[in-house]
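>>> Let's see this in three dimensions:
(chains A and B)
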Amino acid sequence: EPEVTQTPSHQVTQMGQEVILRCVPISNHLYFYWYRQILGQKVEFLVSFYNNEISEKSEIFDDQFSVERPDGSNFTLKIRSTKLEDSAMYFCARRQGRWQPQHFGDGTRLSIL
Amino acid sequence: DAKTTQPPSMDCAEGRAANLPCNHSTISGNEYVYWYRQIHSQGPQYIIHGLKNNETNEMASLIITEDRKSSTLILPHATLRDTAVYYCIHVYSGANSKLTFGKGITLSVRP
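Numbers count the residues shown, from 1 in each chain, chains lettered A, B, ... in the order given. So this is what the prediction gives:
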């Protein structure tokens, strides 16, 4: 199984601050995703990203969220002004091709104070 | 909401086969059945997927009924490390293919 690396493993931030979560890419992977899991709840889809643009996003992914993969570097999720309810595990997933399964990283635990 | 139905929990003895059922009666013809598991709070781990034929890999076997409305994940020799939440998901394997997770089934492997 391809390794999916996410940084940082744990992020503690004051409410209202910006955070950037990173997913280390594998060059031949084309499809990227972010999911989140609030403690004790289901894993929820946030956004999918293909060919350097968003292909689908959920209702959770509002104007406070953005993703980018500048110049083939890290795939990032930015939350502009964090809220208490953004506290969750955030998982990056990648897929090599259309018919391949998604593989997940071990996540970033985001704690908003 | 997730479109699959799984029992909330089950257990099995270490070394025995674990058979995890899933109902997906609303699956459409071009949707695959995927199984993932989540150990503690780690990221979901891919196990296996299939369309209509039974599949086997180094981790598990997937048995899909002929009408494709249900499937069973088989862990042939469960170990304590297989204790996890197992998710059954059906999804079109297209360009976007977001995964919709339900509550899954909690498998507890006892010594």
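
>>> Spell out which parts of chain B neighbour chain A.
B:2, B:34, B:38, B:41-46, B:49, B:87, B:93-103 (C-beta under 8 Å from any C-beta of the partner chain). (C-beta placed from N, C-alpha, C; glycine too.)

>>> what about 10 Å?
Within reach of chain A by C-beta under 10 Å from any C-beta of the partner chain, chain B has these residues: B:1-2, B:32, B:34-36, B:38, B:41-49, B:59, B:85, B:87, B:91, B:93-104.

>>> Show me how far stretch A:47-57 is from its chain's centre.
Put simply, stretch A:47-57 sits 12 Å off its chain's centre (C-alpha atoms, centre = their mean, to the nearest Å).

>>> Sorry, slip of the keys, the one I care about is stretch B:56-63.
That offset, for stretch B:56-63, works out to 10 Å (C-alpha atoms, centre = their mean).

>>> and for it, what are the contacting residues?
A:1, B:17-22, B:33-35, B:37, B:45-50, B:53-55, B:70-76, B:82, B:86, B:88 (C-beta atoms under 10 Å, 6 or more residues apart in numbering or on different chains).

>>> so of these, which ones are in helices?
Nothing among the contacts of stretch B:56-63 maps onto helices, per DSSP state H.

>>> Just the buried residues of the residues you listed.
Neighbour counting with 16 or more other C-beta atoms under 10 Å in any protein chain shown marks B:18, B:20, B:22, B:33-35, B:37, B:45-50, B:55, B:70-75, B:82, B:86, B:88 as buried within those.

>>> A:C23 is in contact with A:C92, correct?
Yes: the pair A:C92 / A:C23 is scored as a contact, 3.4 Å apart, by C-beta atoms under 10 Å.

>>> the more surrounded of the two?
Neighbour count, other C-beta atoms under 10 Å in any protein chain shown: between A:C92 and A:C23, A:C92 has more, with 30 against 26.

>>> Bridging across strands, which residues link to the closest residue in space to B:Q45 that isn't next to it in sequence?
Nearest non-adjacent residue to B:Q45, counting by C-beta to C-beta, 6 or more residues apart in numbering or on different chains: B:R37, 5.3 Å away. Beta-bridge pairing of B:R37, defined through DSSP bridges, involves B:Q45, B:Y86.

>>> Would you quantify the distance from the residue of chain A found nearest chain B to B:I74?
In chain A, the residue that lies nearest chain B is A:F104 (3.5 Å; C-beta to the nearest C-beta). Computed as C-beta to C-beta, to the nearest Å, the A:F104 to B:I74 distance reads 23 Å.

>>> Repeat that for A:D71.
A:D71 is 44 Å from B:I74, by C-beta to C-beta.

>>> same question, B:A60
For B:A60, the distance to B:I74 - C-beta to C-beta - is 6 Å.

>>> Kindly provide the distance from B:N96 to B:T5.
24 Å.

>>> How about B:E14?
Distance check for B:E14 against B:T5: by C-beta to C-beta, it reads 27 Å.

>>> do A:S111 as well
As defined by C-beta to C-beta, A:S111 lies at a distance of 34 Å from B:T5.
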